[in-house]
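**Student:** here's my sequence, what's the structure:
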Amino acid sequence: MEPERHRNLRGSLKDISPTQLGATVVAEALKRGRCRRGSRSRVFGPCHQYRAQGHVPCSVAALNGGVGQDTPCLTLNRLCGSGLQAIISAAQTILLGDADIALGVGPSACRGPYIMPPALGQRMGDMKAIDMMVGALHDPFDVIHMGVTAENVATKWGITRQEQDALAVESHRRAAAATKAGHFKSQIVRSSQGQEGAGRL
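**Tutor:** The predicted model follows:
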């Protein structure tokens, strides 16, 4: 049985693979946009190394979402910036006249794997598993967690913990109010593939 704190940490979408999430979003975007098969299109999405197969998740999500096999797809890797880069690349493709329709799909880090470092395996003795999500959140130059960088910035500019918490609470309050008022209705699609009920994307 998974501890309650771990279930809360990973959220309601933790049982759905990134490619399934992407396919749900792609299918709904095509439906709402009334896109016609055969339109000049492109799909951009983030890279998720969450399993041994499917290292081109953008293509998998696009095809499962109903995009034609002749549609070019590009898998991006800018970590947390991948979703924004996907949108930028999609917009640039349209501006350049290379496509009439472009989809930019964002990332999900709920299912980052644990890996065993030695490429050839371990002959004898114990091995340490590495959390890929925590590994990705470490600065390779100063070898510190990105959260430490945030603390350094707060210290430099005199931002207190209380101010950070107040901003976080206000941000959540505004998001909840905007969602309840229906301002995000055109940007949300419901997914019921998870084991613990429906989630919202």
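**Student:** contacts for the biggest helix by length in the chain next, please.
**Tutor:** If you go by DSSP state H, the chain has its longest helix at helix 161-180. Contact with helix 161-180 is made by A154, F184, I188, as judged by C-beta atoms under 8 Å, 6 or more residues apart in numbering. For every residue, glycine as well, the C-beta is placed using N, CA and C.
**Student:** any idea which helix or strand comes after it?
**Tutor:** Counting by DSSP states H and E, the next helix or strand C-terminal to helix 161-180 is strand 190-191.
**Student:** helices or strands up against that following strand?
**Tutor:** helix 18-32, strand 199-200 (3 or more C-beta pairs under 8 Å, 6 or more residues apart in numbering; DSSP states H and E).
**Student:** of all these, which one comes closest to A129?
**Tutor:** helix 18-32 (20.7 Å; C-beta to C-beta).
**Student:** by contact count, what packs against the closest one?
**Tutor:** Applying 3+ C-beta pairs under 8 Å, 6+ apart, we find helix 18-32 packed against strand 41-46, helix 57-64, strand 190-191.
**Student:** give me the mean pLDDT for the first one.
**Tutor:** This points to strand 41-46. Strand 41-46 carries an average pLDDT of 80.
**Student:** with the last one instead?
**Tutor:** pLDDT averaged over strand 190-191 equals 78, rounded to a whole number.
**Student:** quick one: it to chain centroid distance?
**Tutor:** 16 Å (C-alpha atoms, centre = their mean, to the nearest Å).
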